[in-house]
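Asker: Could you work out the structure for the sequence below:
(chains A and B)
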Amino acid sequence: MSNYGHPLRFGVEVLGTPEAPRAAVQVAQVAEELGYDLVAFADRADDGGADALSLASWTAARTTRVQIAATRLRTTMRPASVVARASASLQLLSGDRGLLVLGPGSTPDEVVVDEEAVTVIRALGDTAGGRASTSGRHHRLVGAETGPVVQRAVPLWVAGSSAAVAALAGRVADGWMADLDEVGVAGLAALNTVLDRVAADDGRDVREVRRSVTLTSGDAGDVDALVALVVEHGVSTFLLRVAGSADSVSQMRAFIGDVAPAVRDGAERALPPGALSARPVRRAGVLARRRPGIAYDDVPENLAEAAVEPGDAAFTTVRSTYLRGGDPGLVLRPRSVQEVVDAVGFARKHPHLPLGIRSGGHGISGRSTNDGGLVIDVGRLNDITVLDAASRLVRIGPGARWRDVATALQPYGWALTSGDYGGVGVGGLATAGGIGFLARRHGLTIDHLRAVEMVLADGTLVRASEVENTELFWAVRGAGANFGVAVAFEFAVDEVAEVGWAQLAFQVPDPAAYLEAFGRVVAATPRETTPFLILGQGVAQLMAMVDSADPDVIVSQLQPFADIAPLVQQQVVIAPYATVMNMFPPSEHQGRGEPVSRSAFTREITPGFAAASADLIRSGASHWYQIRTVGGAVADVAADATAYAHRDATFALTVMGADAQRLDRWFEPVRRQSDGLYLSFESDSDPQRITDAFPPSTLDRLRRLKAQLDPQNLFRDNFNVTPAHDDSRSAA
Amino acid sequence: MSTDYGHNLIFGTFVTPANHPVHQAVEQAVVADRAGLDLVTFQDHPYLPTFHDTSTLLAYAAARTERIRLSANVANLPLRPPAVLARATATLDLLSGGRIELGLGAGGFWDGIAAMGGPRRSPGESIEALAEAIAIIRGVWDTTAPGVLSVRGKHYTVHGAKRGPAPAHPVGIWVGAYKPRILRLVGRAADGWIPSLQYLQGGLPDLIEMNRHIDDAALAAGREPRDIRRFLNIGGQFTTSGRGFLQGPPQQWAEELTEVALTYGTSGFILASDDTTLTRTFAAEVAPAVRELVATARGTGRHE
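Answerer: Numbering: from 1, shown residues only, chains lettered A, B, ... in the order given. Here you go, the predicted structure:
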């Protein structure tokens, strides 16, 4: 007698009729509506029936929630390597809803072929190595490129009622499927024993293999028998076999409506409380890649399913950020506020580990990943909702990307100034400042914030605005990362019709002279125009947005910039803000190494600032020198109104290099000519930098609040404001 | 000289099946569908992990589109056994209401195919295998034929397989081919021919001799040359001033493609495009203009 703790799932297996695959996919859609967990399509290769993988992929496009399986795939009929790619595509396109059931191998030879197929599919899915070779008589790889990377490997099950299949499941599969009418309860028990013994002999955890049965409509009504299958034989997935005809729907309705709840109920009463868990059971090879000091088995149940460990398929997609290569020990991916609360609670139990909070993972300083620590990735909290059209109040989750925000607001004729790249996440930028292309006209992103909801270090959820938790509301706008995990923002956004968008390229033989001229032109330019300048050796690129759709206004405000130096390229278009934010397609973060970035504000580009900058550019120590313009509406806000205090700056400089020491040698003269820094673009961990980011009065106020809200300094892997009562900790 | 097989004209796109961003290729198909194009096609290179599995992508894209036809361009036969390919194609044709065609190729990139466990075939073997495959595919689809399907070949053998499913409409088998021997197979056994302009070493005039191989083989097999539709994969850019073939304003494209249609009998133009604007302009400004110019030149105003 055994139960493996797997959660119960109910599905249908559509056998379908050869002529009518449309009926099969309609059954699948009905199954999703009825609340089934799983829809399976049996491959009907032998009798002129439909192709299961085609049905599965079609269904993926027409459903949103249900898991989709291709079952009874005969591996003798097609290359396993192509099945691997097909199932990976199904997984990508469907959002991880795929399941593959191979078999039934009805002869010993066919079972061997199935095993070769599993080996090939697993080898192509192991993307840690670039190429894979496997030996086999029927299925083999000879240096095939592995991949693609998927968030979650497609579960690979085998089907069949022979001891050879049960043994195969025990050796290599994630699940085993048998037809109950064929195997019988006694047969099931015997084969389960075989499976468990083989799995244990191979050093596997017997819980790695899920047990499932398919049922005829006759078997499907006997609740007591089904409960016994759960409790005594560990069956966790029941698949009702249906033909895909008109009768099927009433059978399906009865099974999910009456039988499934009764089976759940009966099983829960018969088993100890909490016996069934959705917690993934990881293979030994995955467990071996765990890092020390993390209580992996204590990850809260609701976070366990989406959590990513170093051995998981999804790890390569979450380990690094835009510019920093990372190797965290655990990435938690909450989907709700409660899950954020639980994730912060888990982090509190690991005070000795680095803790990264990630929204989009685009942060230049790279603090949202680490080595061996925890990451709370709120990327799934990405809703964008208009709360009140009259006041243009919009609620946005921290995991939304600015391109998605821009796209969502465009139909209303609205925009919210953000940064210079649409792939940046909302959370990081909206708790730091937000120096974007509409800054001079509309201010910083934080200047549009009306309320924020945040989970604090002690796990409480608070709302901060001008009328509640006002001190936190002040602090969030410039130093938010120190105080909690933002779970929702409410912004009042601007009416922005189409904008002028210019990209100009110049020949720049004398960078100092160019910079000084640029400074003079900016000073004389109306606030509609916000230019960003990238200066390199001999060349400059200017990107500018003009908040006007009037060609005359656009040209008249841009012309003085075009006159600064000889133009080598120019492009000016009138387009929605969303078009500019969508200029670059989404791409995965594959950062390597450590970013080296420095930031400085200045009120004007003095001859000294220009000369030091020119020396820096000529030195080659920096491969990126960007000046964003601020001032204008940004300076309309008082310096003490928000934690972002550098309201009098006109220019925000960011430089990046490969070597910190070399960059600092050339950057120090520039820093001496400037005043303060923007913490999002500063990667230096020197404690001195915190006093550049915040003036003394702002810093004192932040430290007092930090002492109240995060006295243990849980949120410290950022531009750290140490609690006021504790002067011993460094500001690293 | 001029050749015109009198087919109505088909305009489509050739979309890279990139799997990142995940739904990009699907979205390009939706754009082509909404723009009113006739066809969207995807390459098939199962050895490349940066591409979607083309069969899976076709099914997903078919479910997301409404009226456009879809095809591989072209399916990689050595990694897609013909019976499975036939069943997958027919399944999808039934699901989509007759919108699927079968672009088929004998294979290339043999290192990639062999790495995936597939066969490494000589040019001659690959043509033999293609001929066997076409016979099996047609046999699987033909559910009105008596008895089970048995084909004994050097590369593929089917022994007593149950036929079916039958597709919803007569699915065209369109073969990618360049050399005389495979062109003769096209003339004998295929419904369409898809060369890519970029692989014609002598440019468009190469089509004359290639067409002749197909035409002669068709006649020798008791078929009509017009039983084989002639496609062409093309690439181009819209620019304000003309810089070369399909490098110019839409009107220039229309004139150039009209000339291709009337000179070489090409009746299906498939534009490589992963760009929404390129696709929309092709659909809105080139396709109707070519149709009109060709109709005028044919002097009938008739689209068949």
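
Asker: Pull the contacting residues for residue A:394.
Answerer: Going by C-beta atoms under 8 Å, 6 or more residues apart in numbering or on different chains, residue A:394 touches A:384, A:385, A:386, A:387, A:409, A:414, A:416, A:490, A:491, A:492, A:493. Using the backbone N, CA and C atoms, a C-beta is placed for each residue, glycine as well.

Asker: change it to 6 Å
Answerer: Applying C-beta atoms under 6 Å, 6 or more residues apart in numbering or on different chains to residue A:394 gives the contacts A:386, A:491, A:493.

Asker: Drop anything exposed from the residues you listed.
Answerer: Buried members of the contacts of residue A:394, counted by 16 or more other C-beta atoms under 10 Å in any protein chain shown: A:491, A:493.

Asker: can you redo the contacts of residue A:394 as CSV with secondary structure and distance to chain B?
Answerer: Converted to CSV, the contacts of residue A:394 look like this (DSSP: H, G, I helix; E, B strand; the rest coil; distance: C-beta to the nearest C-beta, whole Å):
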residue, secondary structure, distance to chain B
A:386, strand, 24
A:491, strand, 26
A:493, coil, 26
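
Asker: What pLDDT does the model give residue A:690?
Answerer: For residue A:690, the model assigns a pLDDT of 94.

Asker: Am I right that it falls within a helix?
Answerer: Yes: counting by DSSP: H, G, I helix; E, B strand; the rest coil, residue A:690 is found in a helix.

Asker: picking up where we left off before, dump the contacts of residue A:394 to CSV, plus distance to residue A:191 and pLDDT.
Answerer: Output for the contacts of residue A:394, formatted as CSV (distance: C-beta to C-beta, whole Å; pLDDT from 0 to 100):
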residue, distance to residue A:191, pLDDT
A:386, 56, 93
A:491, 59, 98
A:493, 61, 98
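
Asker: Work out for me the element residue 89 sits within.
Answerer: You didn't say which chain, so I picked chain A. Residue A:89 belongs to helix A:80-94 when assigned by DSSP states H and E.

Asker: To clarify, I was referring to chain B.
Answerer: Assessed by DSSP H and E, residue B:89 sits inside helix B:82-95.

Asker: can you tell me if that helix touches chain A.
Answerer: Yes: contact of helix B:82-95 with chain A (C-beta under 6 Å from any C-beta of the partner chain) involves B:84, B:87, B:88, B:91, B:92, B:94, B:95.

Asker: Also stretch B:18-25?
Answerer: Yes: using C-beta under 6 Å from any C-beta, stretch B:18-25 reaches chain A at B:19, B:21, B:22.

Asker: could you dump the residues you listed to JSON lines with distance to residue A:484 and secondary structure?
Answerer: Below are these laid out as JSON lines (distance: C-beta to C-beta, whole Å; DSSP: H, G, I helix; E, B strand; the rest coil):
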{"residue": "B:19", "distance to residue A:484": "37", "secondary structure": "coil"}
{"residue": "B:21", "distance to residue A:484": "32", "secondary structure": "coil"}
{"residue": "B:22", "distance to residue A:484": "32", "secondary structure": "coil"}
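
Asker: For residue A:671, list the residues it contacts.
Answerer: Contact analysis of residue A:671 by C-beta under 6 Å, 6+ apart lists residue A:600.

Asker: State the phi and psi torsions of it.
Answerer: Phi and psi for residue A:671, reported as degrees, to the nearest 10, are phi -60, psi -40.

Asker: before we move on, back to that, who wins on neighbours among the residues of helix B:82-95 next to chain A?
Answerer: Taking other C-beta atoms under 10 Å in any protein chain shown as the neighbour criterion, residue B:91 ranks highest of the residues of helix B:82-95 next to chain A with 30 neighbours.

Asker: Please report how far that one lies from residue A:196.
Answerer: Look at residue B:91 and residue A:196: by C-beta to C-beta, to the nearest Å, they are 38 Å apart.

Asker: Residues of chain A that sit close to chain B?
Answerer: A:18, A:21-22, A:47-48, A:50-51, A:54, A:57-58, A:61-62, A:77-79, A:81-82, A:85-86, A:89-90, A:92-93, A:139-145, A:147-148, A:586.

Asker: export stretch A:598-610 as PDB, just CAs?
Answerer: Extracted in PDB, the C-alpha atoms of stretch A:598-610 (Å, rounded to 0.1, in the frame of the first residue of the first chain):
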ATOM      1  CA  ARG A 598      29.300  55.100 -12.800                       C
ATOM      2  CA  SER A 599      26.800  57.900 -12.500                       C
ATOM      3  CA  ALA A 600      26.900  61.700 -11.900                       C
ATOM      4  CA  PHE A 601      24.600  64.600 -12.000                       C
ATOM      5  CA  THR A 602      25.600  68.100 -13.100                       C
ATOM      6  CA  ARG A 603      23.700  71.400 -13.300                       C
ATOM      7  CA  GLU A 604      25.700  72.500 -16.300                       C
ATOM      8  CA  ILE A 605      28.300  71.300 -18.600                       C
ATOM      9  CA  THR A 606      31.200  73.500 -17.600                       C
ATOM     10  CA  PRO A 607      34.500  73.600 -19.500                       C
ATOM     11  CA  GLY A 608      36.000  71.500 -16.800                       C
ATOM     12  CA  PHE A 609      33.300  68.900 -17.000                       C
ATOM     13  CA  ALA A 610      33.600  68.800 -20.800                       C
END
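
Asker: Identify the spatial nearest neighbour of the residue minimising distance to the centre of chain A, chain neighbours not counted.
Answerer: With distances taken as C-alpha atoms, centre = their mean, residue A:379 lies nearest the centre of chain A, 4.6 Å away. Distance criterion C-beta to C-beta, 6 or more residues apart in numbering or on different chains; nearest residue to residue A:379, sequence neighbours excluded, is residue A:399 at 3.9 Å.

Asker: likewise residue A:210?
Answerer: In space, and not counting its chain neighbours, residue A:210 is closest to residue A:175: 3.9 Å by C-beta to C-beta, 6+ apart.

Asker: what does residue B:137 give?
Answerer: Among residues not flanking residue B:137 along the chain, residue B:86 sits closest, at 4.1 Å (C-beta to C-beta, 6+ apart).

Asker: still on that earlier bit, what does the helix holding residue B:89 contact?
Answerer: For helix B:82-95, contacts defined as C-beta under 6 Å, 6+ apart pick out A:21-22, A:50-51, A:54, A:58, A:77-78, B:55, B:59, B:62, B:100, B:102, B:133, B:136-137, B:140-141, B:156, B:158, B:165, B:167-168, B:171.
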